[in-house]
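S.K.: Here is the input, now give the coordinates:
(one chain, ligands or ions: 2)
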Amino acid sequence: MQKEDCIFCKIANSIIPCEFVYETDTLVAFNDINPQAPAHILIVPKDHYEDLNEVSSETLLAQLLLAAKEVAKIKNLQEGYRTIINTGKQSGQEVFHIHVHVLAGKKLGALG
Ligand code: 5GP
Ligand code: ZN
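M.R.: Ligands and ions are numbered 1, 2, ... in the order given. Down below sits the predicted model:
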């Protein structure tokens, strides 16, 4: 299901045009508009879930991480990449439609 006023629902379902790095029946991957590393891709399901706490499908959770691996292959991130899921305001989540960040292309700093 999509949510009316959600930017990632609109991008993932091609209501707002966006070039996808990777797409399956259930998710898309596209470049972050404000990259925090030379490669910064977001993996976003086509259905709306506010955050990780709302997702109970083991299949979808697996699909999100398998997509991260696919994106790493497509983008030649063989030197390494970081996957991040922010959950909730204190984590830094700004878009309340679950997404996995894939960051790479430079030595990334410590977390936190
Ligand atoms: P969060 O802080 O919620 O984990 O991450 C949201 C990410 O979405 C941020 O890195 C932000 O730059 C990115 N973002 C927000 N709006 C858009 C948009 O309209 N298009 C794209 N490509 N990225 C967006
Ligand atoms: Zn949404």
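
S.K.: what's stretch 101-109 in contact with?
M.R.: Residues outside stretch 101-109 that contact it (Cβ atoms under 8 Å, 6 or more residues apart in numbering): 29, 32, 36-43, 68, 71-72, 75, 77, 79-86. Placement of C-beta: from N, CA and C, glycine included.

S.K.: out of the residues you listed, which are inside helices?
M.R.: Among those, the members falling in helices (DSSP state H) are 68, 71-72.

S.K.: Take these and lay them out in a markdown table including distance to ligand 1 and neighbour count.
M.R.: Compiled in a markdown table, the ones in helices among the contacts of stretch 101-109 are given as follows (distance: Cβ to the nearest ligand atom, whole Å; neighbours: other Cβ atoms under 10 Å):
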| residue | distance to ligand 1 | neighbour count |
| --- | --- | --- |
| Ala68 | 14 | 21 |
| Val71 | 14 | 23 |
| Ala72 | 18 | 19 |
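
S.K.: still on that earlier bit, pull out the buried residues from the contacts of stretch 101-109.
M.R.: The neighbour count (16 or more other Cβ atoms under 10 Å) marks 29, 37, 39-43, 68, 71-72, 75, 77, 81, 83, 85-86 as buried among the contacts of stretch 101-109.

S.K.: quick check, distance from stretch 57-73 to the centre of its chain.
M.R.: Its chain's C-alpha centre and that of stretch 57-73 lie 10 Å apart, by Cα atoms, centre = their mean, to the nearest Å.
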